[in-house]
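Peer 1: Got a predicted structure plus its sequence, pasted below:
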Amino acid sequence: MEKEDNFADWYLDIVEKANLSDKRYPIKGMNVWTPYGWKAMMNIDHFIRKELDATQHDEVCFPLMIPETEFKKEKDHIKGFDSEVYWVTHAGLNELDVRLVLRPTSETAMYPMFALWVRSHQDLPLKIYQIVNTFRYETKQTRPFMRVREIHFFESHTCHVSEEDAQCQIEEDVEILSKIAKRLCLPYFLSVRTDWDKFPGAYYTVGIDTVMPNGKTLQIGSIHHYRTNFSEPYEITYENENGEHKHVHQTTYGMSERLLGAVIGVHSDDKGLIMPPDIAPFQVVIIPIFSKDNSAVVTEAARGLLSKLSDHGIRAKLDDRDVRPGSKYFDWEIKGVPLRLEIGGRDIENNVATFARRDNGEKGTIDLDSVGQGVELILGVISSALMERAKNILMSKVQEIDSLENMPEGRILKFGWCGCEECGHKFEDTYELKILGTPYNSKEKYAGRCLVCGKETDRSVIAARTM
RNA sequence: GGGCCCGUGGGGUAGCUUGGUAUCCUUGUAGCUUCGGGAGCUAUUGACUCCGGUUCAAAUCCGGGCGGGCCCA
């Protein structure tokens, strides 16, 4: 199956062959996490926890269901979600007086509680997060990890005394993002979404996007500044030093299992998946190579190798199935194990293991005496190489244009925009592209003309086809 | 909301027009021989989405349900 020519089919094929998830569960858009896929997701979650904990966020877990009465309090919010939530209308044999929604996101579950938790400025900042499943009734075509109805994600919610403090939180979120993305070897770009595309109820939204091989962008997360848009209806207030009661300023930040979808799309090739070493369920697979009379010796050497790597904190797997080596190579290549180690009679004689890199096919030998350090080094090199390659691909797809003539296909376009909705909609409708927004915190000053109306502007936007 | 299409072993499929024995690849299981890039041989498990109708007989024709996909709004 070829990645470039038919990304959609290729993607489904890889997900199935690598056994990341089982999409045969009889509800559209609700797939079963199989062990291999779940291991990878847990590794991603591990880094999310690590970074959020390191920045003084506390993990919590809120109930799945939200009463309609709370859900309705923020009117923009429900307007954005009411067509895509699941309703619980009955309990046992009774119809409920107050219907319940399965959370599509947890603002309306958390904020009534925040109102109770936050009393004084000394309670702030409040920084919490949870890693849970949410539910959205997708009507479009679903795709494993990328567009699902039950979404595994993390959401962090913060409350601050002022808009400035909330803004600092957003900077911190961007910092956290860069650390997580590095683990996944994922390049991305940030855009401040247009007003008509921002999160329902947000003051502004920063979208986090990456690009798939077919040139379409995939949103992998978002960061929102709410100002007091939620704290007003939910009455989340604090008492300041002067005894005045003020509404808190809030932010949220969320990324989902799409991170895994993005990793698959960005790094894999026609042979299968390529797992970034940090999140790979198995970083190394050991293939013993037997010949006529040496099976005991080779088995022992392979087990020794496994325990050395494990002692070194490397996730290694010994494939001792009774099939030929070539068949094992194929199996683990599909699953994207970053490094393969072969050990056979020849290697044992020379006190080495033969390695093969998944990302570029490079082969060589590693000294068995220092195999832990050797493997660690190569895994680091693979991470950098994956990141580098992905960055180059992303950069190569970005193109700046200053005219509506000869618009390139399959590119991420950058151009001037006067900022008015009319020009924005006109562009989106005419070219079937989506305006992702203006580059977030861009250092460079833009000077040009609005691509649609020709008015001079210092504002640029990014537009692309989206997954 | 309107229209169209599809449902066959674990996965991918043929068969359906013209009703009668369900095809092939892959996978799984057991054994023997093998093992530095998908091994071979032998044996073997496994399917017509569900309910109803027509018929001597339904994967095939008809109606409905469920599940999935596509297009338009």
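Peer 2: Received, thanks. Numbers count the residues shown, from 1 in each chain, chains lettered A, B, ... in the order given.
Peer 1: Which pLDDT value belongs to residue A:5?
Peer 2: Note on residue A:5: pLDDT of 65.
Peer 1: center of chain A, which residue is that?
Peer 2: residue A:259 (2.2 Å; CA atoms, centre = their mean).
Peer 1: contacting residues around it?
Peer 2: The contact partners of residue A:259, taken as CB atoms under 8 Å, 6 or more residues apart in numbering, are A:44, A:180, A:184, A:186, A:220, A:221. For the C-beta atoms, the positions are set from N, CA and C on the backbone; glycine is no exception.
Peer 1: ok, those residues vs residue A:70, which is closest?
Peer 2: residue A:221 (25.1 Å; CB to CB).
Peer 1: Check which helices and strands the helix or strand containing the closest one is in contact with.
Peer 2: Per DSSP states H and E: residue A:221 is located in strand A:217-227. Contacts defined by 3 or more CB pairs under 8 Å, 6 or more residues apart in numbering; DSSP states H and E place strand A:217-227 against helix A:163-184, strand A:204-211, strand A:249-256, helix A:258-267.
Peer 1: Residue A:27 bridge partners, please.
Peer 2: Counting by DSSP bridges, residue A:27 forms beta bridges with residue A:30.
Peer 1: how many other residues sit next to it?
Peer 2: When neighbours are defined as other CB atoms under 10 Å, residue A:27 has 9 of them.
Peer 1: And the contacts of residue A:259, which is closest to residue A:318?
Peer 2: Out of those, the member with the shortest distance to residue A:318 (by CB to CB) is residue A:44, at 24.8 Å.
Peer 1: can you pull out the helices in the stretch 1-150 of chain A?
Peer 2: In the stretch 1-150 of chain A, the helices defined using DSSP state H, counting those that start in this stretch lie at A:7-17, A:35-54, A:68-71, A:75-81, A:107-117.
Peer 1: again, but for the stretch 201-350 of chain A
Peer 2: Counting by DSSP H, counting those that start in this stretch, the helices of the stretch 201-350 of chain A are A:258-267, A:295-311, A:325-335, A:345-350.
Peer 1: most packed of these?
Peer 2: helix A:258-267 (a mean of 26; mean count of other CB atoms under 10 Å).
Peer 1: Might you report the residue contacts of the closest residue to RNA strand B within the stretch 1-150 of chain A?
Peer 2: In the stretch 1-150 of chain A, the residue found nearest to RNA strand B is residue A:28; the distance is 2.5 Å by CB to the nearest atom of the strand. Residues in contact with residue A:28 (CB under 8 Å, 6+ apart) are A:138, A:142, A:149.
Peer 1: tell me, which of these make contact with RNA strand B?
Peer 2: residue A:142 (CB under 7 Å from any atom of the strand).
Peer 1: Looking at the contacts of residue A:28, state which has the most neighbours.
Peer 2: Going by other CB under 10 Å, residue A:149 tops these with 19 neighbours.
Peer 1: thinking that residue is in contact with residue A:30, fair?
Peer 2: Yes - taking contacts as CB atoms under 8 Å, residue A:149 lies within contact range of residue A:30: 5.4 Å.
Peer 1: Excluding sequence neighbours, find me the nearest residue to residue A:69.
Peer 2: Once flanking residues are discounted, residue A:69 sits nearest to residue A:98: 5.8 Å by CB to CB, 6 or more residues apart in numbering.
Peer 1: ok, now which ones touch that neighbour?
Peer 2: A:67, A:68, A:69.
Peer 1: could I get these as TSV with neighbour count, pLDDT and distance to residue A:170?
Peer 2: Compiled in TSV, the contacts of residue A:98 are given as follows (neighbours: other CB atoms under 10 Å; pLDDT from 0 to 100; distance: CB to CB, whole Å):
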residue	neighbour count	pLDDT	distance to residue A:170
A:67	15	95	30
A:68	19	92	31
A:69	11	92	31
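Peer 1: Out of those, which comes closest to residue A:344?
Peer 2: residue A:67 (64.1 Å).
Peer 1: Quick check: the closest residue to residue A:224 other than its chain neighbours vs RNA strand B, distance?
Peer 2: Using CB to CB, 6+ apart and skipping the chain neighbours, the partner closest in space to residue A:224 is residue A:202 (4.3 Å). According to CB to the nearest atom of the strand, to the nearest Å, residue A:202 stands 25 Å off from RNA strand B.
Peer 1: same question, residue A:290
Peer 2: Counting by CB to the nearest atom of the strand, the gap from residue A:290 to RNA strand B is 4 Å.
Peer 1: All good on my end, thank you.
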